[in-house]
Structure formats: structure tokens, C-alpha cells
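K.L.:
Provided below are the primary sequence and the corresponding predicted coordinates.
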Amino acid sequence: MSFQAYLDNIEEKTGVTPRQFIDLAAQKGFAGPSVKAAEVIEWLKADYSLGRGHAMAIVHIIKHGAKIDAKHVGSTGTHRDEADILWLDGKASRPE
């Protein structure tokens with residue numbers, strides 16, 4: 001499953017877009033590259049019933065924004081994506 005599909009699944013489950021998660025995290029003091037994953041995972045588990053894998057996807061976008069490693073672009077690996085930039089503003093607004 002692509003990273004983007006993972007984020008889409010989180011949005012379907014929670015009703016919260018990736019960009020909204022970044023904003024919510026910042027309001028809780030979880031922002032930037034130095035954020036501690038364990039704290040974010042605990043918050044997402046308690047408030048959104050997200051498991052570790054989904055929570056780690058949110059940790060990634062909190063720390064790194066929309067950019068993903070180019071090694072996953074066009075690959076056949078587990079987290080393959082079509083581009084190295086993720087769409088964070090929700091499935092409904094994603095350009096085709």
C-alpha cells in the first residue's frame with residue numbers, strides 16, 4: 001500500500017485530513033522534526049483509536065511534512081508512491 005493510500009485510510013477512519021492532524025498536533029505541542037513519536041502515538045491511540053502503523057504515518061508528516069524519500073517513488077516496494085510529495089489536504093480536494 002502506498003504512503004498516500006495509508007493517509008487516505010486514516011482520513012476515512014477518523015474524518016481528519018493529514019493537514020488537520022499536523023495542525024492538531026501543533027496545538028498539542030507536537031511539531032517539527034524533534035517531536036517524540038511515543039507521545040504522538042499515545043495521543044492518536046487515545047483520541048482516534050489509531051494503531052502504531054497509522055500513527056507512525058502521522059508522525060512522519062508532523063516531522064517531515066509532505067516530502068517522502070524518493071526511493072519509494074515508482075518502486076514496487078511496500079510503500080510505493082507515484083510522487084515524492086504527499087497530498088495532505090484530504091482525498092476530496094486532491095487533483096486528479
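P.N.:
All right, it came through fine.

K.L.:
rest of the way, CA atoms for contacts and neighbours
P.N.:
Noted.

K.L.:
just the pLDDT for Lys71.
P.N.:
Lys71 is assigned a pLDDT of 69 by the prediction.

K.L.:
cool, and the one 3 residues further on?
P.N.:
On the pLDDT scale, Gly74 is placed at 74.

K.L.:
repeat for Leu86
P.N.:
Per-residue confidence for Leu86 comes out at a pLDDT of 91.

K.L.:
what about Val73, how many neighbours?
P.N.:
Number of residues near Val73 (other CA atoms under 10 Å) recorded here: 17.

K.L.:
which strand residues bridge it?
P.N.:
Residues in a beta bridge with Val73, per DSSP bridges, are Asp81.

K.L.:
contact partners for it?
P.N.:
Neighbour list for Val73: 80-84 [criterion: CA atoms under 8 Å, 6 or more residues apart in numbering].

K.L.:
ok, Arg94 next?
P.N.:
Taking CA under 8 Å, 6+ apart, we find Arg94 in contact with Trp87.
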